[in-house]
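Participant: Curious how this folds, go ahead:
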Amino acid sequence: MTKAEAQKRLEKLTSEIEDMRYRYHVLDDPKITDDVYDSLSRELREIENQFPELADPDSPVNRVGGKPLDKFVKVEHQLPMLSLQDAFGFEEVEAWEKRIKKLLPDTSKLEYFCELKLDGLAVSLIYENGKLVRGATRGDGKIGEDITQNLRTIESIPLKLRAPFPKLVEVRGEAVLSKKRLLELNRIQEKDGKTLFANTRNAAAGSLRQLDPKLSASRKLDFFAYDIVRIDGADPKMHSEEHQLLRKLGFKVDRHEQVCKSLKEMESYIKEIEEVRKKFPYGTDGVVISVNDQTLYERLGVIGKAPRYMLAYKYPAEKATTQVLDITVNVGRTGVLTPVAHFSPTLVAGSTVSKATLHNMDQIERLDVRIGDTVVIQKAGDVIPEVVEVLVKLRTGKEKKFKMPEVCPVCGRKVEKRTIGEKNDTSAAYYCSNPDCPAKNQRGMEHFVNAFEIYTIGPKVLARFKDEGLISDAADLFTLKTGDIDNLERFGEKSAENIINSIQDHRKISLPRFIYSLGINNVGEVTADDLADYFGSLEKLIGASRDEFDKIENIGPIVSKSAYDYFQHKENIRYIKKLVNNGVEILAYRKKVGGKLSGKTFVITGTLDSMSRDEAKLLIKNLGGKATESVSKQTDYVVVGSEPGSKADKAEKLGVKILDEKEFLQMINK
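Facilitator: So this is what the prediction gives:
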């Protein structure tokens, strides 16, 4: 393929992928399939890799870019992100209408625009000449945080607007996490021995405040636009027209909206949504009511931080009472003990629940929950049951306080109490001290097969293989034969062949993925990448000293200690050797070499005029160099833009070469 042919193909692929994104997210077109979309995206990425000079920074496949940030930059909203007045009953809605009518001429006819109040994180998006240039959190309404990198990872946020687009537009909307995705994330959190997300809102907010955009991308957030606060050219008079314009520009807008001509119509809408909202894929805690005619907004004005022309009708959280029959503990993959409350089967938020995690001893002590207590439970984010209150006045005196067991309920070995967290944010966690605890082993194997992408083997299959004595650890999976499985009840020859073929097809694995599969405490996918990049081979990783682990950038002391300690246990080394002896092949790891900046380390501080800092870092990396966040004696150059931070001062003290933007551009363009 010639360069000219590649350019034409890129343009066609980009246009088609953007159109498919629009049809999938905005038009909700069921004909758009993931496999077709993924195939076209893969071809586009391959051409961009072959012809990097043709790659567009706003390419639809270039959603994750840049290294993790050291902190988020504060940004000022040109127009404040206002709060809303709340109404908890329809009488309050009627009182609101009476108040605003007093501020308008008697001849004014009011109609209302009603839409869902989604339970997520409010964000602002600014587009210039059709391209996304900045995304920020609400913050305190006046000052937010620049989270552009993370917002770019959300597929339903257009990187480029559909034509015709205004020269400038600022869009507000809600970043949300689906209820289904929350359950998936909490299963991962539980396997990793980490605290579960309380609800979809907390999970969405936490996902967008990750300093590494790869972590944000892995959470698979969604976005719904609901307002245009600044726009050049077009000037919608009605809020309902604004929603239509948002759709035309390429934004996903929730379809549960209605123009109501009267309070009676509005009340019917609110009741209708209350009946069906439990079935929605996303959490919603109410309805936003707006005066539809936006020409009246200036006259109605703002009181405090809330506009008079909008109101949030809030549904009451569905709660129920039940009695705690027992509190037991589960042992996670890392050995952490998690207390679980068991109670009488109780209907709440549309489903029957009989247990809920109490997370840790700190939570139990905060609630003062005891066995035998009558408690209030609710569905966090309409998904996860949680205990929110103890009805102390209903105690009989027979209730029992819970104590964390001194020995593991699975293997009987001693339980250790550890303090986790740093400075003022600490909590107590309890761990099984036995590295060979069967509970750890089961969870560890579930993590292992997911890391190796052996999706034909789920938790129940693993448990069956263990019960039948076919395997004792994940390494034994690679010794299985079809005949070992097809004679088991509920396993036919075909299913046995599928399992064995899947195992054989996934024997080869990259070094970062292999490190991740080991289930080392505190070592996720990003840290596994850092370890692989630093050491380059499994042998060097196993033989590394504690000092070497501490030198790795982006890894703190807690994580480096966990990684180092793992390789000091003989049973872990034996397990790794067993994997290799049973046929697991770790692919050779190759760092990027070559390029005019090969071997050079850069730090960028301040604001560059010609490109963003993330674009500069990507450019350095593509030219063979390394872009880091901290200045040290090993740094070759510090590139200084306008309003540089303390890094420039540190570079001067250490004698590190300082480049202004012009010198940096001359260097990379040689």
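Participant: Can you give me the end-to-end span of stretch 222-238?
Facilitator: Using C-alpha to C-alpha, to the nearest Å, the end-to-end distance of stretch 222-238 comes out at 26 Å.
Participant: Show the average pLDDT along that stretch.
Facilitator: Averaging pLDDT along stretch 222-238 gives 90.
Participant: Low-confidence bits of the stretch 401-550 of the chain, can you list those?
Facilitator: 420-427, 438-439, 467-469, 483, 486-489, 492, 526 (pLDDT under 70).
Participant: same question, the stretch 101-250 of the chain
Facilitator: Filtered on pLDDT under 70, the stretch 101-250 of the chain yields the residue ranges 193-196, 198.
Participant: Okay, strands next: where are they in it?
Facilitator: 112-118, 121-128, 131-137, 143-145, 168-176, 222-231 (DSSP state E, counting those that start in this stretch).
Participant: closest to Leu619 out of those strands?
Facilitator: For Leu619, the closest of the strands of the stretch 101-250 of the chain is strand 131-137, at 18.3 Å, according to C-beta to C-beta. In this view, the C-beta of every residue, glycine as well, is placed from N, C-alpha and C.
Participant: So Leu541, which state does it fall into?
Facilitator: Of the three states, Leu541 takes helix according to DSSP: H, G, I helix; E, B strand; the rest coil.
Participant: Count the neighbours of it for me.
Facilitator: Counted with other C-beta atoms under 10 Å, the neighbours of Leu541 add up to 22.
Participant: Hmm, it is touching Phe567, no?
Facilitator: Yes - the pair Leu541 / Phe567 is scored as a contact, 7.0 Å apart, by C-beta atoms under 8 Å.
Participant: ok, back up a step: quick one: closest of the strands of the stretch 101-250 of the chain to Lys633.
Facilitator: Among the strands of the stretch 101-250 of the chain, the nearest to Lys633 by C-beta to C-beta is strand 143-145 (31.7 Å).
Participant: what comes into contact with the closest one?
Facilitator: 72-77, 81, 124, 136-139, 209 (C-beta atoms under 8 Å, 6 or more residues apart in numbering).
Participant: Could you spell out the sheet neighbours of it, each with its direction?
Facilitator: Using DSSP bridges, the strands paired with strand 143-145 in its sheet are strand 74-76 (antiparallel).
Participant: who does the helix or strand that the strand it pairs with is followed by pair up with?
Facilitator: Heading C-terminal from strand 74-76, the first helix or strand you meet, by DSSP states H and E, is strand 86-87. Sheet pairing for strand 86-87, assigned by DSSP bridges, gives strand 310-314 (parallel).
Participant: What mean pLDDT does the partner strand get?
Facilitator: 91.
Participant: Tell me the helices and strands packed up against the helix or strand following that strand.
Facilitator: Following strand 310-314 in sequence order, the next helix or strand is strand 319-331 (DSSP H and E). Contact analysis of strand 319-331 by 3 or more C-beta pairs under 8 Å, 6 or more residues apart in numbering; DSSP states H and E lists strand 337-348, strand 374-380, helix 438-451 as its packing neighbours.
Participant: Go ahead and produce CSV holding the CA coordinates of strand 319-331.
Facilitator: C-alpha atoms of strand 319-331 as CSV (Å, rounded to 0.1, in the frame of the first residue of the first chain):
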residue,chain,number,x,y,z
LYS,A,319,-35.0,0.4,51.9
ALA,A,320,-36.1,-2.5,54.0
THR,A,321,-35.6,-4.0,57.5
THR,A,322,-34.4,-7.5,58.3
GLN,A,323,-32.6,-9.4,61.0
VAL,A,324,-29.0,-10.4,61.0
LEU,A,325,-28.9,-14.2,61.5
ASP,A,326,-25.1,-14.6,61.4
ILE,A,327,-21.9,-12.9,60.3
THR,A,328,-19.3,-15.1,58.6
VAL,A,329,-16.1,-14.4,56.7
ASN,A,330,-15.0,-15.1,53.2
VAL,A,331,-11.3,-15.6,52.3
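Participant: and that strand, which residues are buried?
Facilitator: Within strand 319-331, the residues that count as buried by 16 or more other C-beta atoms under 10 Å are Thr322, Val324, Ile327, Val329, Val331.
Participant: where's stretch 634-648 relative to the chain centroid, distance-wise?
Facilitator: Computed by C-alpha atoms, centre = their mean, to the nearest Å, the chain-centroid distance of stretch 634-648 equals 31 Å.
Participant: tell me the secondary structure for Ile658?
Facilitator: strand.
Participant: now swap in Asp476 and tell me
Facilitator: Secondary structure for Asp476, judged by three-state DSSP, is helix.
Participant: Can you name the residues that contact the closest residue to Arg395 other than its chain neighbours?
Facilitator: Residue nearest to Arg395 in three dimensions, not counting chain neighbours: Asp373, with 6.8 Å by C-beta to C-beta, 6 or more residues apart in numbering. Applying C-beta under 8 Å, 6+ apart to Asp373 gives the contacts Gln323, Val324, Val390, Leu391, Leu394, Arg395, Glu399.
Participant: out of those, who has the most neighbours?
Facilitator: Highest neighbour count within these: Val324, with 25 neighbours (other C-beta under 10 Å).
Participant: which one of the contacts of strand 143-145 sits closest to Gly250?
Facilitator: Here the nearest of those to Gly250, counting by C-beta to C-beta, is Ser124; it sits at 16.9 Å.
Participant: Tell me if I'm right that the closest one and Ala175 touch.
Facilitator: No - in this structure, Ser124 is not within contact of Ala175 by C-beta under 8 Å, at 10.9 Å.
Participant: Which one's more surrounded, those two?
Facilitator: Shown here are Ser124 and Ala175; by other C-beta under 10 Å, Ala175 has more neighbours (27 against 24).
Participant: Distance check, that one against Lys252.
Facilitator: Distance, Ala175 to Lys252, by C-beta to C-beta, to the nearest Å: 11 Å.
Participant: Pull out the buried positions in stretch 6-23.
Facilitator: Neighbour-count burial for stretch 6-23 [16+ other C-beta under 10 Å]: Ala6, Arg9, Leu10, Leu13, Thr14, Ile17, Glu18, Met20, Arg21, Tyr22.
Participant: between those residues, which is nearest Ala588?
Facilitator: For the buried residues of stretch 6-23, the nearest to Ala588 is Ala6 (29.9 Å; C-beta to C-beta).
Participant: mind listing what the nearest residue to the closest one once chain neighbours are set aside touches?
Facilitator: Nearest residue to Ala6, sequence neighbours excluded (C-beta to C-beta, 6+ apart): Phe51, at 4.8 Å. Residues near Phe51 by C-beta under 8 Å, 6+ apart: Lys3, Ala6, Gln7, Leu10.
Participant: Backbone dihedrals for Phe51, please?
Facilitator: Backbone dihedrals for Phe51, given as degrees, to the nearest 10, come out at phi -130, psi 70.
Participant: Kindly point out which residues are neighbours of both of Ala175 and Lys252.
Facilitator: Residues touching both Ala175 and Lys252 (C-beta under 8 Å, 6+ apart) are Asp222, Phe223.
Participant: Show me where the stretch 501-650 of the chain has its strands.
Facilitator: 508-509, 585-586, 601-605, 626-628, 637-640.
Participant: Now render the strands of the stretch 101-250 of the chain as TSV, adding distance to Arg413.
Facilitator: Formatted as TSV, these follow (distance: least, C-beta to C-beta, whole Å):
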stretch	distance to Arg413
strand 112-118	46
strand 121-128	42
strand 131-137	45
strand 143-145	45
strand 168-176	43
strand 222-231	44
